[in-house]
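1. Next one to model:
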Amino acid sequence: MQLPDGNVEGTKGTIMKNQEPTKPVVEGEGSYTGTRRYNERLGEHLRSGNTDKEAREAREALEGAEGAELEEAERRAKKGPQEH
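-> Here you go, the predicted structure:
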């Protein structure tokens, strides 16, 4: 995946411009790079100005025919993984 700074990110690490691929960094349970990417992309999304439209669409979906199915999916997700 092409990152905004021109670097390329893949499953084997990040390739910096004009550099060899880096080894993956094990960050443990809290991934700083994952959090940083999430926060950057969330900010981009919020700045895009589409949030009001998306909120309206979500409300319509919840109030419409698929509302019961969406609420059931939310209930199951809140319960967490089920052991079989």
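
2. which regions of the chain sit below the pLDDT cut-off?
-> Applying pLDDT under 70 to the chain flags residues 1-25.

3. quick one: the helices in it?
-> 32-47, 51-63, 67-79 (DSSP state H).

4. Output these as TSV; include the columns mean neighbour count and distance to Val26.
-> (Glycine included, C-beta is placed from N, CA and C.) Shown next, in TSV, are the helices of the chain (neighbours: other Cβ atoms under 10 Å; distance: least, Cβ to Cβ, whole Å):
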stretch	mean neighbour count	distance to Val26
helix 32-47	11	11
helix 51-63	11	35
helix 67-79	10	28
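
5. Please name the nearest non-neighbouring residue to Thr33.
-> Glu27 (6.8 Å; Cβ to Cβ, 6 or more residues apart in numbering).

6. in terms of contact, does the one you found touch Arg36 like I think?
-> No. The pair Glu27 / Arg36 is not scored as a contact, 10.9 Å apart, by Cβ atoms under 8 Å.

7. how far away is the spatially most central residue of the chain from Ser31?
-> Centroid-nearest residue in the chain: Tyr38, 6.1 Å away (criterion: Cα atoms, centre = their mean). Here the criterion is Cβ to Cβ, to the nearest Å. By it, Tyr38 lies 9 Å from Ser31.

8. For stretch 63-76, what is the distance to the chain centroid?
-> From the chain centre to the centre of stretch 63-76 is a distance of 21 Å (Cα atoms, centre = their mean, to the nearest Å).

9. An error on my part: the question was meant for stretch 37-48.
-> Per Cα atoms, centre = their mean, the centroid offset for stretch 37-48 relative to its chain is 10 Å.

10. Then stretch 66-84?
-> With Cα atoms, centre = their mean as the basis, the mean position of stretch 66-84 lies at 19 Å from the chain mean.

11. who touches it?
-> Contact partners of stretch 66-84, identified using Cβ atoms under 8 Å, 6 or more residues apart in numbering, comprise 61-62.
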